[in-house]
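> Sequence first, then the predicted structure:
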Amino acid sequence: MSFFDIDNRIIEASQKAMELCKSKLDEINDIQEYNQQKMIKAFQEAGVRESHFSGSTGYGYDDFGRDALDRVYAYAFDAEDALVRHNFASGTHTLTVALFGILRPNDTMLSVTGMPYDTIRSAIGLEGNYPGSLKDFGVNFEMVDLKADGTVDYEAVEQRIREEKPKMVYIQRSRGYSIRPSLTYREIKKLCEISKKASPKSIIMLDNCYGEFVEKVTPMSVGVDIMAGSLIKNAGGGIAPTGGYIAGKKELVEMCAYRLTTPGTGKEIGATLGNNRELFMGAYHAPFVSCEALKTAVFASALFEILGYDTTPKYSENRGDIIQLIMLGNEEKLCSFCEGIQSGSAVDSFVKPEPSDMPGYESQVIMAAGAFTLGSSIELSADAPLREPYAVWMQGGLNFCSGKLGVMLAADKILKKSEENKNII
């Protein structure tokens, strides 16, 4: 029995997809169990108790729940310290606080994974010429281009780091709106080894958005000095209503805290305003939910490969984040895919996604997300700029059952729309 009118061809293809990716789903289950146990240990090591869920007001002095939450994330990420706050407005804001906390005038930030993600470019000063960017404060930005196949050019990275001795070596784990592969801990480890050998004093910073809890090995354990991410992606478990985290070496986290609040007060102030309970619950659920999203991505890759589309990563490949890229070939199929994802949502399922201009993006963007938390990309969502090669970036799924349904509805919508227009899927 099905509550949704899905074409039998899609149902049969989904059954084949489940058979294809069974072993990969089993691998993810193992990662899920490992990281969930580690998170429980993190709570225990931090001494989490019911009183930690109470909120503070005003300056937030002596907010023991806030401090315990920092310890939970530090343990989970193998970091010396962490700064976890509800008042980080987005992942980009969190990254920006970290960049401004560490970099100073005349310092050089060297991106070794090509051009950073669209929304961080204005903060760096690469686009928009907004006042208050890193460029406006005299921070230099340099980058090493990726190879033609989208992989890291390790030889060029080593040469540039050795020659320039930059203050910061910047790594973006996720692919952003590009075709390049996301980085697993193995690639991150190699970049860290190269950097520390070529310029031991350079600070290695990682944009870890979408990459939390998808592997057993953490970036901090392979050489990253400081990393940041969003709580409405993996790290908040679909429960945190907003926020972000910075984790890493204690002295670097302190510098970031001085930027978030004021020099001298840092982590000691900041009212939690009743958000602690949701942030703790989000942390607790994050390993499970992240892997549910990972399973959804694997299934989507297998299904659309069966249907004749190019996907990256392939369903059988190791993954560094929860994002699945599907090459749909034209605007019509791209929009149909997003309509299908939206129709499988528990919230706003009746909404038809439409392309529109978005702040921080060069092209019009179409987004599908029926989410309990606005913009939460750990919940099943899909988005894409309307430009060649008309690929969609899909991520999320609070549980695999709902994620699988959304993917099937997306395939079904493409099939039916194509047949309406006398096209072949």
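Alright, I've got the coordinates. None of the values given here were measured: they were computed from a predicted structure.

> what's residue 274 sitting at in phi/psi?
Backbone torsions of residue 274, given as degrees, to the nearest 10, read phi 80, psi 10.

> Which residues are in contact with it?
By Cβ atoms under 8 Å, 6 or more residues apart in numbering, the contact list for residue 274 reads 54-55. (Each C-beta comes from the backbone N, C-alpha and C, glycine too.)

> Likewise for residue 270?
59-60, 63, 66, 85, 87, 260-261.

> Quick check on those residues: which are buried?
Neighbour counting by 16 or more other Cβ atoms under 10 Å classes 60, 63, 66, 85, 260-261 among those as buried.

> Those in strands, which ones?
If you go by DSSP state E, the buried ones among the contacts of residue 270 have residue 85 in strands.

> Which members of the buried ones among the contacts of residue 270 are the farthest-apart pair?
63 and 260 (14.4 Å; Cβ to Cβ).

> Longest helix in this structure, by number of residues?
Scanning the chain for the longest helix, with DSSP state H as the assignment, gives helix 276-306.

> Does anything pack onto that one? Which helices or strands?
helix 8-20, helix 22-45, helix 64-76, strand 311-312, strand 324-327, strand 391-395, helix 400-420 (3 or more Cβ pairs under 8 Å, 6 or more residues apart in numbering; DSSP states H and E).

> Could you dump the ones you listed into TSV and include distance to residue 277 and mean pLDDT?
Formatted as TSV, those follow (distance: least, Cβ to Cβ, whole Å; pLDDT from 0 to 100):
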stretch	distance to residue 277	mean pLDDT
helix 8-20	36	97
helix 22-45	13	98
helix 64-76	8	98
strand 311-312	38	96
strand 324-327	32	96
strand 391-395	26	95
helix 400-420	24	95
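
> hmm, back to that, tell me which of the buried ones among the contacts of residue 270 is nearest to residue 202?
Nearest to residue 202, judged by Cβ to Cβ, of the buried ones among the contacts of residue 270 is residue 260 at 23.2 Å.

> any chance you could map the helices in the stretch 51-200 of the chain?
For the stretch 51-200 of the chain, applying DSSP state H, counting those that start in this stretch gives helices covering 64-76, 91-102, 118-124, 154-164, 185-198.

> Could you tell me which ranges of this protein sit under the pLDDT cut-off?
1, 359-361, 422-425 (pLDDT under 70).

> Tell me which residue is most central in it.
By Cα atoms, centre = their mean, the chain has its centre lying nearest to residue 210, at 1.9 Å.

> hang on, it in a strand?
No - applying DSSP: H, G, I helix; E, B strand; the rest coil, one finds residue 210 to be coil, outside a strand.

> Surely it is in contact with residue 322?
Yes - using Cβ atoms under 8 Å, residue 210 is in contact with residue 322, at 5.4 Å.

> joint contacts of the two?
Going by Cβ under 8 Å, 6+ apart, residues that sit against residue 210 and also against residue 322 are 234, 395.

> sorry, back to before: make TSV out of the helices and strands packed on helix 276-306 and add distance to residue 206.
Shown next, in TSV, are those (distance: least, Cβ to Cβ, whole Å):
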stretch	distance to residue 206
helix 8-20	32
helix 22-45	18
helix 64-76	15
strand 311-312	21
strand 324-327	21
strand 391-395	18
helix 400-420	26
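
> closest to residue 273 out of these?
Each of the helices and strands packed on helix 276-306 has some distance to residue 273 by Cβ to Cβ; the shortest is helix 64-76, at 10.6 Å.

> so what secondary structure elements neighbour the closest one?
Counting contacts by 3+ Cβ pairs under 8 Å, 6+ apart, helix 64-76 packs against helix 22-45, strand 81-85, strand 244-248, helix 276-306.

> which of those is buried the deepest?
Among the helices and strands packed on helix 64-76, the stretch with the highest mean neighbour count (mean count of other Cβ atoms under 10 Å) is strand 244-248, at a mean of 31.

> now what about that one, what contacts it?
For strand 244-248, contacts defined as Cβ under 8 Å, 6+ apart pick out 73-74, 77, 79-85, 88, 90-91, 93-94, 97-98, 220, 224-231, 235, 253, 256.

> Not counting stretch 367-381 itself, show me its contacts.
90, 210, 232-234, 236-238, 240-242, 289-290, 293, 296, 322, 337-339, 341-342, 344-349, 351, 353, 358, 382-383, 394-398, 402-403, 406.

> Can you give the distance from that stretch to the centre of its chain?
13 Å (Cα atoms, centre = their mean, to the nearest Å).

> Can you get me the start-to-end distance on that stretch?
7 Å (Cα to Cα, to the nearest Å).

> Mind listing what's buried along it?
Under 16+ other Cβ under 10 Å, the buried positions of stretch 367-381 are 367-371, 373, 376-381.

> hmm, back to that, give me the PyMOL select line for the contacts of strand 244-248, limited to the buried ones.
Selecting the buried subset of the contacts of strand 244-248 in PyMOL, with 16+ other Cβ under 10 Å as the burial test, is done by:
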select buried, resi 73+74+77+79+81+82+83+84+85+88+90+91+93+94+97+98+220+224+225+226+227+228+229+230+231+235+253+256
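
> what angle sits between whatever helix or strand residue 254 lives in and strand 81-85?
Assigned by DSSP states H and E, residue 254 belongs to helix 250-260. With axes from the mean of the first three to the mean of the last three Cα atoms, to 10 degrees applied, the angle from helix 250-260 to strand 81-85 works out at 20 degrees.
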